[in-house]
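In: When you get a sec, could you give me coordinates for this:
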Amino acid sequence: MVATDLKSEVKKLMEKRSALETEMNVIIDRLCQPGGPGLSGNLVDSEGFPRSDIDIPVVRADRQRLAGLRNDHKDITEKISKNIELLHSSSSPKSSTAMGSGSNSPGVVGISSSMRDVNVSRPFAMVDEISEESPAAEDGLQLGDQIVKFGKVEYGDNLLPKLASQAQMNQGLPVPMLVLRQGALINLAVTPRTWRGRGLLGCNFRIL
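Out: Next comes the predicted model:
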C-alpha cells in the first residue's frame, strides 16, 4: 500500500473513531447525569428491588452499547497505530548514511551521536492522532512523530500520567520536546493551551 493510500486510510479511521467517541460521550453523559446509575452502579435498591427512579432496560441497553463501542474504539485505534507505523517506516531513510549527523536543517540533531545515551534517544510514545489548528499542530508536531522527551518526561514508567501532568503544569508555557521523525531527532517547543478543541495539546500519544 502506497503512502497516499495509508494516509487516506488513517484519515478515514480517525473520522470513524471520532464518531465513536461522540456517541460514547453521549451515552456516558446520559448514564452519569445527576441521579443516574453511572457506568457500573447498582440497578437495585438497598432492599434488592429494581430501582424505580431509572429506566432499567434503557440503562442496560446503554451499557451494552457502550461496551461494544469501546471494543470498536480499541480495534480502530490499533489499526490506526499499525498504519502510522507502516507510513513512518515507509518514509524513513533506508541507508545508514541518511541517518547520520550531516543534516544542516534547523532543529535537527544527528541521530548517530545522540544514540550514545540510550535513555535520551529511546522513543516512548507516538503521535497517532493530531487535530487541525490544535496547539500541537500549530507548534510543529506531526502525525507519526515518536516522542523521545516531553519536558522532563523520558522513557520510563507511568508515562501517560506524567505526560498529562507535564502539560497541566506548563499550561501557557512552551514545553521543549525531542521527537524522532524519519530517522532524525528534532527539537520542538509545544505550548499546552486551551483552544476550540479538546485537551491542551489537541493530539493523542500512544505509548510504545
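In: dump the residue contacts of Leu143.
Out: Counting by Cβ atoms under 8 Å, 6 or more residues apart in numbering, Leu143 touches 10, 84, 127-130. Yep, even glycine has a C-beta here, placed from its N, CA and C like the rest.
In: And it, how close does it get to Leu69?
Out: 24 Å (Cβ to Cβ, to the nearest Å).
In: buried sites along the longest helix along the chain?
Out: In the chain, with assignment by DSSP state H, the single longest helix is helix 56-91. If you call a residue buried by 16 or more other Cβ atoms under 10 Å, then helix 56-91 has these buried ones: 59, 62-63, 66, 69, 73, 76-77, 80-81, 83-88.
In: tell me the two of these that are most distant?
Out: Taking Cβ to Cβ as the measure, these span a maximum distance of 42.7 Å, between Val59 and His88.
In: returning to that earlier point: return the member of the buried residues of helix 56-91 nearest to Leu43.
Out: Of all the buried residues of helix 56-91, Leu43 sits closest to Val59, with 6.4 Å by Cβ to Cβ.
In: pLDDT score for the closest one?
Out: Model confidence at Val59, given as pLDDT, is 89.
In: swap in the one 5 residues further on?
Out: Predicted confidence (pLDDT) at Gln64: the value is 91.
In: likewise the one 5 residues further on?
Out: The predicted local confidence for Leu69 comes out at a pLDDT of 89.
In: looking at this protein, which helix or strand does the model trust least?
Out: Within the chain, judged by mean pLDDT, DSSP states H and E, the helix or strand with the poorest mean is helix 111-114; its value is a mean of 35.
In: measure Asp53 to Ile28 for me?
Out: On the measure of Cβ to Cβ, Asp53 and Ile28 end up 19 Å apart.
In: just to revisit the earlier point, which of the contacts of Leu143 count as buried?
Out: 10, 84, 127-130.
In: Setting the sequence-adjacent residues aside, check what's closest to Met24.
Out: Leu69 (5.0 Å; Cβ to Cβ, 6 or more residues apart in numbering).
In: Quick check, that neighbour in contact with Ile27.
Out: Yes. Applying Cβ atoms under 8 Å, one finds Leu69 in contact with Ile27, separated by 7.5 Å.
In: Do a quick rundown of the helices in the protein.
Out: For the chain, applying DSSP H gives helices covering 3-31, 56-91, 111-114, 118-121, 135-138, 159-169.
In: Give the residue farthest from the middle of the chain.
Out: Glu47 (43.9 Å; Cα atoms, centre = their mean).
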